[in-house]
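Novice: have a look; sequence and predicted model below, questions after that.
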Amino acid sequence: MGLLFETRASDSPWVESIWTCRAEQVSTMTSVASETWGLVFWKEEGRSCAAVTGPETRTGTAPVPEGAEFVGVQFAVGTSLRTMATTSLVDGGIVLPDVTERAFWLDGAYLEIPRPEDVEALVDRLVHDGSVVRDPLVAATLQGSPPDVAERTLERRFRAATGLTHGAVRQIGRARTAAHLLTSGETPGDVIDKLGYYDEPHLARALRRYVGRTAGQLRGGAGGTIALDTGQWTTS
């Protein structure tokens, strides 16, 4: 087995998903567009590293060095780091300096690098310390209860909190949901009806831009390792 990628959901309202990845040989993984930002920790040639990752507006291919082991957390849409503008992280990220074997430096403090089962404890600490914050207007809108504010105000708050427009957040989220439905065996017709795509070409364009797979590849589990929110994907 060359590469193992796994994700799990979380009970924390601040977390979208938690993931791990391990490479037994040099490999690549399809990264899917994401409306969320994250923290990722990895070991490469015995050295500990950490980075803040930003929202991704398109699919891409990420190299995974042989022997690398990753632990990552994707934060819920509408959350952000107090000390970093999310707009500056879009389609990129920042490798954190001063990482030791067991700790990383963020927002003025050293924090312990988490094991997969300890990620929620780290998130709780970041929230308690005020390092991770949430825009209540954005959160309410995403929960289906938009406040009575001007559209311009809402759009400005979305851009500040997520680095993306409200429309982009919806489109990326819908494409990821479509990918999940297809991997679970739903037909393209079912997905179109459930998610409001106009037709199969419309769905196909969204999958190509945001997921990097065709509907057939997703339904058949073809195309190699892909970083979706849930499930387990492996390459040999």
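Specialist: That came in fine, so what should we check first? Numbers count the residues shown, from 1 in each chain.
Novice: please count neighbours and contacts with C-alpha atoms only from this point.
Specialist: Fine.
Novice: can you show me the strands along the chain?
Specialist: Remark: strands assigned in the chain by DSSP state E are 3-8, 15-23, 27-31, 38-44, 47-53, 60-64, 69-75, 79-81, 93-95, 103-106, 109-112, 132-134, 226-227, 231-235.
Novice: for the first one, packing partners?
Specialist: So the one you mean is strand 3-8. If you count contacts as 3 or more C-alpha pairs under 8 Å, 6 or more residues apart in numbering; DSSP states H and E, strand 3-8 packs onto strand 15-23, strand 231-235.
Novice: looking at those, which has the lowest confidence?
Specialist: Per-stretch mean pLDDT for the helices and strands packed on strand 3-8 is lowest at strand 231-235 (a mean of 35).
Novice: quick revisit: can I get the strands of the chain in JSON lines with distance to Asp193?
Specialist: Shown next, in JSON lines, are the strands of the chain (distance: least, C-alpha to C-alpha, whole Å):
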{"stretch": "strand 3-8", "distance to Asp193": "27"}
{"stretch": "strand 15-23", "distance to Asp193": "25"}
{"stretch": "strand 27-31", "distance to Asp193": "26"}
{"stretch": "strand 38-44", "distance to Asp193": "32"}
{"stretch": "strand 47-53", "distance to Asp193": "33"}
{"stretch": "strand 60-64", "distance to Asp193": "27"}
{"stretch": "strand 69-75", "distance to Asp193": "29"}
{"stretch": "strand 79-81", "distance to Asp193": "31"}
{"stretch": "strand 93-95", "distance to Asp193": "36"}
{"stretch": "strand 103-106", "distance to Asp193": "44"}
{"stretch": "strand 109-112", "distance to Asp193": "46"}
{"stretch": "strand 132-134", "distance to Asp193": "33"}
{"stretch": "strand 226-227", "distance to Asp193": "25"}
{"stretch": "strand 231-235", "distance to Asp193": "24"}
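Novice: for stretch 131-150, buried residues please.
Specialist: 131-135, 137-139 (16 or more other C-alpha atoms under 10 Å).
Novice: and for stretch 11-22?
Specialist: For stretch 11-22, a neighbour-count test (16+ other C-alpha under 10 Å) marks 14-22 as buried.
Novice: for this structure, give me the ranges with low pLDDT.
Specialist: Judged by pLDDT under 70, the chain has its weakly predicted residues at 1-2, 26, 229-236.
Novice: buried residues in the top helix by length along it?
Specialist: In the chain, taking DSSP state H as the definition, the longest helix is helix 166-183. Residues of helix 166-183 classed as buried by neighbour count (16+ other C-alpha under 10 Å): 166, 169, 171-183.
Novice: now do stretch 196-208
Specialist: Burial within stretch 196-208, assessed by neighbour count using 16+ other C-alpha under 10 Å, is assigned to 197, 203-204, 206-207.
Novice: so Val123 versus Tyr197, what's the distance?
Specialist: From Val123 across to Tyr197, the span is 35 Å (C-alpha to C-alpha, to the nearest Å).
Novice: for stretch 23-30, measure first residue to last.
Specialist: Stretch 23-30 has an end-to-end distance of 14 Å (C-alpha to C-alpha).
Novice: ok, so of the buried residues of helix 166-183, who is nearest Val77?
Specialist: Val169 (8.5 Å; C-alpha to C-alpha).
Novice: what sits closest to that closest one if chain neighbours are left out?
Specialist: In space, and not counting its chain neighbours, Val169 is closest to Glu35: 5.5 Å by C-alpha to C-alpha, 6 or more residues apart in numbering.
Novice: and if you look at Ser27?
Specialist: Nearest non-adjacent residue to Ser27 (C-alpha to C-alpha, 6+ apart): Val64, at 5.2 Å.
Novice: check Glu44 too.
Specialist: Excluding its sequence neighbours, the residue lying closest to Glu44 (C-alpha to C-alpha, 6+ apart) is Ala68, at 4.9 Å.
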